[in-house]
Each structure stands twice: as C-alpha cells, then as structure tokens.
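In: got a sequence here, can you build the structure:
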Amino acid sequence: MRTSLNRDGTPIEAAQAPLVRVDALPDGGLAAVEGTVEGEAESLIVHRLGDSVRAWFNVCPHAGRRLDWAPNQFLLSKDGHLVCAVHGATFALPEGLCISGPCRGDRLREVPVEVRDGAVYVR
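Out: Down below sits the predicted model:
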C-alpha cells in the first residue's frame, strides 16, 4: 500500500470516517462530500465509474469556485462531462481533464482515495 504524504513530507493519517458508501453512488454518478485532506476540512467530488472511484477537490481550476451549482447538484453535458456552471469549463470524467472552456488543458486536483468495506476513504 502506498503512503500519501503531506506537503512537508510527513505521512497523511488515514481518515476516520468514510466519505460516502460506494452503493450510494450510481455508476457514472457524482457526490459532493466533506473530507479531511492534509488536516484541513475540504469539499470534495467523488465519482464512480464501474468499480473505479476517484475524487477531486470541489474547485474549478479557472476561478477557484465550487463545481456543484447547488449543494450536491452538478451539471453534466450530454456526453457525461462535468461542467462548471459559472464559466462553462468542461471536464472529462474520470480523468478530470478540462477539455473546453477557460482552463482548457488544466486538471481537477485529485485526492487519493481507496475503497474499504464498501466505503470510500481519503488515503
């Protein structure tokens, strides 16, 4: 198992509480959750695609705004891409790459997660 590190090189302690249960996320679904990353409470986006689960900070790299337009409500394009409601940046999932809009070529900042006992935890 790989150990994630804080910015100062010290190991990140495992989160005590799960972010979300995997069965609460439909395939292709997104959830806005609160989690602790590097000792700080953060808003995160969790995405499930089949058996794969990924997470990112709930922040558009263009202007630093949340990507959910209302609590836990996300705009998705007809192709299943995540769209920032403020400036229209469009992110391919599950890569998190901005494929259109003002931050084209940037990526959502990923948060390492793992699935244990049917739940998603920050690693």
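In: for this protein, what spans make up the strands?
Out: Assigned by DSSP state E, the strands in the chain fall at 20-21, 30-37, 40-49, 52-57, 75-76, 82-83, 90-92, 97-100, 110-111, 113-116, 119-122.
In: tell me which of those sits nearest to A63.
Out: Distance to A63, taken as CB to CB, is lowest for strand 97-100 among the strands of the chain, at 12.2 Å. (Each C-beta comes from the backbone N, C-alpha and C, glycine too.)
In: does L19 touch R123 like I think?
Out: No: the criterion here is CB atoms under 8 Å, and L19 misses it with R123 at 11.0 Å.
In: more neighbours: these two, which one.
Out: Comparing L19 with R123 by neighbour count (other CB atoms under 10 Å), the higher total belongs to L19, at 20 against 16.
In: so what's that one up against?
Out: 33, 35, 44, 46, 55, 113, 119-122 (CB atoms under 8 Å, 6 or more residues apart in numbering).
In: reformat the residues you listed into CSV and put distance to V86 and pLDDT next to each item.
Out: Converted to CSV, those look like this (distance: CB to CB, whole Å; pLDDT from 0 to 100):
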residue, distance to V86, pLDDT
V33, 21, 97
G35, 23, 96
L44, 19, 98
V46, 21, 98
A55, 21, 98
V113, 26, 97
A119, 31, 97
V120, 27, 97
Y121, 30, 97
V122, 26, 96
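In: specify the beta-bridge partners of T90.
Out: Beta-bridge pairing for T90 (DSSP bridges): V83, S100.
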